[in-house]
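Novice: Predicted model follows, preceded by the sequence.
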Amino acid sequence: GSTTPRNPWDELPIRDELRGQSPYGAPQLDVPVRLNTNENPYPLPEALVDRIAERVREAARGLNRYPDRDAVELRTELARYLTRTAGHEVTAAHVWAANGSNEVLQQLLQTFGGPGRTAIGFEPSYSMHALISRGTGTGWISGPRNDDFTIDVEAARAAIAEHRPEVVFITSPNNPTGTAVNAETVLALYDAAKAAGPSTVVVDEAYGEFSHHPSLLPLIEGRRDLIVSRTMSKAFGAAGLRLGYLAADPAVVDAVQLVRLPYHLSSVTQATALAALEHTDTLLGYVAQLKSERDRLVAELRATGYEVTDSDANFVQFGRFDDSHAVWQQILDRGVLVRDNGVPGWLRVTAGTPAENDAFLDAVRELKKEHD
Ligand code: PMP
């Protein structure tokens, strides 16, 4: 038989729940066309790069001091952005920001999860929900989906009633499937969670700006335990910035103060994010292009004979393959890196520039011809 591979940390007295786990690890390979991590393919426009340099220069003059611990100016601008684009009026008091939405999610699990508590997600979904749960000592429950990757509302309700999780993750649009969740489903799960016990519902809208449907943000109105999480990594084309945020009842923002590290958001990060928000309209123009490229990928993949899951994100799930990892390798051999998320039969491609998408489509058309 095979022996278990040894990890460098096996000899260390690490926590039991970390034993046997693997770290998050999308391959970072040097390939001509990289469509594997749902990044925005467009570099920031030069005018914005200049503005960032200007604002960071200003921030640099004050780097002997700690940053604004409450990031008030940034939260005010994020609230303005949400109010303008997400169909619901919020203020700085409703908004909290951290280093990527991963840190937002970690702070939420530190606040509302933790030892003796559980979180549920409906899989396949964003793998970090489970990993951050484990990292914060929160038990993880894997809930079901339908064959078309929509949430199976009856099965989800039953799982919530059975396990009474303190945290419910709903990812819309979902990663890696691209599936949007409608407001009725969110409310059904919210009501189920409330009926089961004290609980918090986290709607992860990392890809919200790419959806055909409006944001679920208006649902926070009158629902103190419903939180919407967002990021500047995708729509703002700023994955390298590490800026995520949430919108919720101000009591949630206050509660998160109990676990956030003091001065977690550097002055440089705050200055850069503020500069990017000044260029929102230009950046949302790129989002519009990416949405139409996403729709083109869906249509072309279907025309080529692939099965494609409806997508509301900046990526597309396609299949089906008997051996998706072998197909992943064959696409890579043609210079295009896509993502094998471990969903049996399926792969995921991020919408890139028109030229990158053409390179990807050429590769998968060629494969189709070879196999037919
Ligand atoms: N949520 C979802 C659904 C994601 O796919 C991602 C990034 N892949 C994140 C959150 C985290 O993004 P970030 O930390 O860059 O904001």
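Specialist: Noted; the coordinates are in hand.
Novice: make it CA atoms for all contacts and neighbour counts henceforth
Specialist: OK.
Novice: Mind checking what secondary structure V203 has?
Specialist: What DSSP: H, G, I helix; E, B strand; the rest coil gives for V203 is strand.
Novice: Could you tell me the model confidence score at it?
Specialist: V203 is assigned 98 on the pLDDT scale.
Novice: show me what contacts it?
Specialist: Neighbour list for V203: F169, I170, T171, S172, L216, L226, I227, V228, S229 [criterion: CA atoms under 8 Å, 6 or more residues apart in numbering].
Novice: what about 7 Å?
Specialist: V203 makes contacts with F169, I170, T171, S172, I227, V228, S229, as judged by CA atoms under 7 Å, 6 or more residues apart in numbering.
Novice: and it, bridged to which residues?
Specialist: Beta bridges link V203 to I170, V228, judged by DSSP bridges.
Novice: May I ask which of the contacts of V203 has the most neighbours?
Specialist: T171 (28 neighbours; other CA atoms under 10 Å).
Novice: and the stretch 151-300 of the chain, which residues reach the ligand?
Specialist: Selection of the stretch 151-300 of the chain residues close to the ligand by CA under 6 Å from any ligand atom yields T171, N175, D204, A206, T231, S233, A239, R242, G244.
Novice: burial measure for Y286, as a count.
Specialist: 18.
Novice: how much space is there between it and the ligand?
Specialist: The spacing between Y286 and the ligand, counted by CA to the nearest ligand atom, to the nearest Å, is 18 Å.
Novice: and what of L367?
Specialist: 27 Å.
Novice: and what of S133?
Specialist: Distance of S133 to the ligand, computed by CA to the nearest ligand atom: 13 Å.
Novice: And the pLDDT for that residue?
Specialist: 97.
Novice: Repeat that for S2.
Specialist: 46.
Novice: same thing with T185?
Specialist: 98.
Novice: Ramachandran angles for A159?
Specialist: Backbone torsions for A159, taken as degrees, to the nearest 10, come to phi -70, psi -40.
Novice: And for it, nearest residue in space, chain neighbours not counted?
Specialist: G143 (6.7 Å; CA to CA, 6 or more residues apart in numbering).
Novice: Double-check the one you found against E123; I have them as touching.
Specialist: Yes: if you go by CA atoms under 7 Å, G143 and E123 touch, sitting 6.1 Å apart.
Novice: Out of the residues of the stretch 151-300 of the chain next to the ligand, which comes closest to G319?
Specialist: For those, the minimum distance to G319 (CA to CA) is 15.5 Å, reached by N175.
Novice: How many neighbouring residues does that closest one have?
Specialist: For N175, the neighbour count with other CA under 10 Å is 27.
Novice: Mind pulling up the pLDDT for it?
Specialist: If you check N175, the pLDDT there is 97.
Novice: tell me which element it falls in.
Specialist: Following DSSP states H and E, there is no helix or strand that holds N175.
Novice: quick one: contacts for the residue nearest the centre of the chain?
Specialist: The residue lying closest to the centre of the chain (CA atoms, centre = their mean) is A206, at 4.0 Å. Neighbour list for A206: S229, R230, T231 [criterion: CA under 7 Å, 6+ apart].
Novice: Could you export these as a markdown table, including pLDDT?
Specialist: A markdown table is the format used below for the contacts of A206 (pLDDT from 0 to 100):
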| residue | pLDDT |
| --- | --- |
| S229 | 98 |
| R230 | 98 |
| T231 | 98 |
